[in-house]
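Enquirer: the sequence and its predicted three-dimensional model are supplied below.
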Amino acid sequence: MAKELAEKAKEAFLDDDFDVAVDLYSKAIDLDPSCAAFFADRAQANIKTLNFTEAVADANKAIELEPTLAKAYLRKGTACMKLEEYTTAKAALEKGASVAPDESKFKKMLDECNLRIAEEEKDLVQPMPPTTLPSSSTAPLATAADTPPVPSPAAPAKPMFRHEFYQKPEEVVVTVFAKGIPKQNVNVEFGDQILSVVIEVAGEEAYHFQPRLFGKIIPEKCRYEVLSTKVEIRLAKAEIITWASLEYGKGQTLLPKPNVASGVSQRPVYPSSKPGKDWDKLEAEVKKQEKDEKLDGDAAMNKFFSDIYQSADEDMRRAMNKSFAESNGTVLSTNWKEVGTKKVESTPPDGMELKKWEY
């Protein structure tokens, strides 16, 4: 029955009915979850439907089931290149080429992959052109529009384990609350901008958590630890920026405040047929309105802390981030000498009691 479904899926694929093909391959996998070819073929259908993250997951499963299946490495390499995960793609393609040295597709894709990696390295060493920044205290924002859009995958079923994350300037810590799981049942892999967590659960379907991350990471510096109540994963950021969320495309990135050389900068002047405006005067008026604006409640408190953070130096910002994260939001310190050498304990407000939850 599983093979019949796979044959129908192949026919749907050839007819360009890729969504139908994915559905039929999924049904075949339900009947025979040990067939690596089904996962590799579903990966190809997922690539056609632009679900690249799911394609990587299927290819990984196929490789796990059958390490010599050449087309699984080809699917993984293709999907990773679509996700701009060129280093991960190269590793998969090189492994596939060693499994099937006569397959010309591997050489062709490796050449393209090496070219993309060289272009990225070239972009990294190119000096940034000088820019003129407005004299505003607000740090510049980079939006998700700065990077090529990737279609979001279909909404997954409710996961069996809850996860959450917090971050420091140099790393993001992801916690998966999986209690009593043996270390050998946990597999975690890192890509340039992808995290793959697979947890085998006795008598149940395996847990898969494979998001495309909000920002890029340094795979060789990432690590994880399986504890009695959770799996703790530490992701080393490639850039010291604040992630608005764990997953790609779900918020804005707050860049570090740039160091701008002192001195008066010349504002750019553009040709226009309209009467000239005094932009310095307008900016001063906006600043005055913001300063004089009367806020109350949470808005006032948020503005107060935002003003402190914007005017703080690097040590003060590190102290604020560290104390807030480690104390679970109950302490906010600006003294790095005080909090930099020890863990900041949670301090609940008067009349409240701190409770630790077991998972």
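Expert: Good, I have the coordinates.
Enquirer: which parts of the protein are helices?
Expert: 2-14, 18-31, 36-48, 52-65, 70-82, 86-99, 104-125, 279-292, 297-311, 314-326, 336-339 (DSSP state H).
Enquirer: list the buried residues of the third one.
Expert: Put plainly, it is helix 36-48. By 16 or more other CB atoms under 10 Å, the buried positions in helix 36-48 come out as 36-47. From N, CA and C alone the C-beta is placed, and that goes for glycine too.
Enquirer: hang on, the earlier thing: for Arg162, which of the helices of the chain is the nearest?
Expert: Nearest to Arg162, of all the helices of the chain, is helix 314-326, at 18.7 Å by CB to CB.
Enquirer: residues in contact with Phe18?
Expert: 12, 45, 48-49 (CB atoms under 8 Å, 6 or more residues apart in numbering).
Enquirer: what's near enough to touch Lys216?
Expert: 192-193, 237-239.
Enquirer: can I get those in TSV with distance to Lys230, neighbour count and pLDDT?
Expert: What follows is the contacts of Lys216, written out as TSV (distance: CB to CB, whole Å; neighbours: other CB atoms under 10 Å; pLDDT from 0 to 100):
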residue	distance to Lys230	neighbour count	pLDDT
Asp192	25	19	87
Gln193	24	21	88
Lys237	21	22	93
Ala238	25	14	91
Glu239	27	12	89
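Enquirer: okay, Arg267: pLDDT?
Expert: pLDDT recorded at Arg267 is 49.
Enquirer: now do Val188
Expert: The model's pLDDT for Val188 equals 92.
Enquirer: tell me how far the nearest residue to Arg223 once chain neighbours are set aside lies from Ala59.
Expert: Spatially, and ignoring its direct neighbours in sequence, Arg223 is nearest to Arg234 (5.4 Å; CB to CB, 6 or more residues apart in numbering). Arg234 is 25 Å from Ala59, where distance means CB to CB, to the nearest Å.
Enquirer: about what we covered before: closest one to Ala28 out of the contacts of Lys216, please.
Expert: Of all the contacts of Lys216, Gln193 has the smallest distance to Ala28: 30.8 Å, by CB to CB.
Enquirer: pretty sure Val99 contacts Glu66?
Expert: No. Contact between Val99 and Glu66 fails when scored by CB atoms under 8 Å: they sit 10.2 Å apart.
Enquirer: any weak-confidence spans in this protein?
Expert: 123-159, 250-279, 281-283, 286-303, 350-351, 354-359 (pLDDT under 70).
Enquirer: which residue is nearest the middle of it?
Expert: Using CA atoms, centre = their mean, the residue of the chain that lies closest to the mean C-alpha position is Leu213, 1.1 Å off.
Enquirer: partners of that one in the sheet?
Expert: In this entry, Leu213 is beta-bridged to Glu247, by DSSP bridges.
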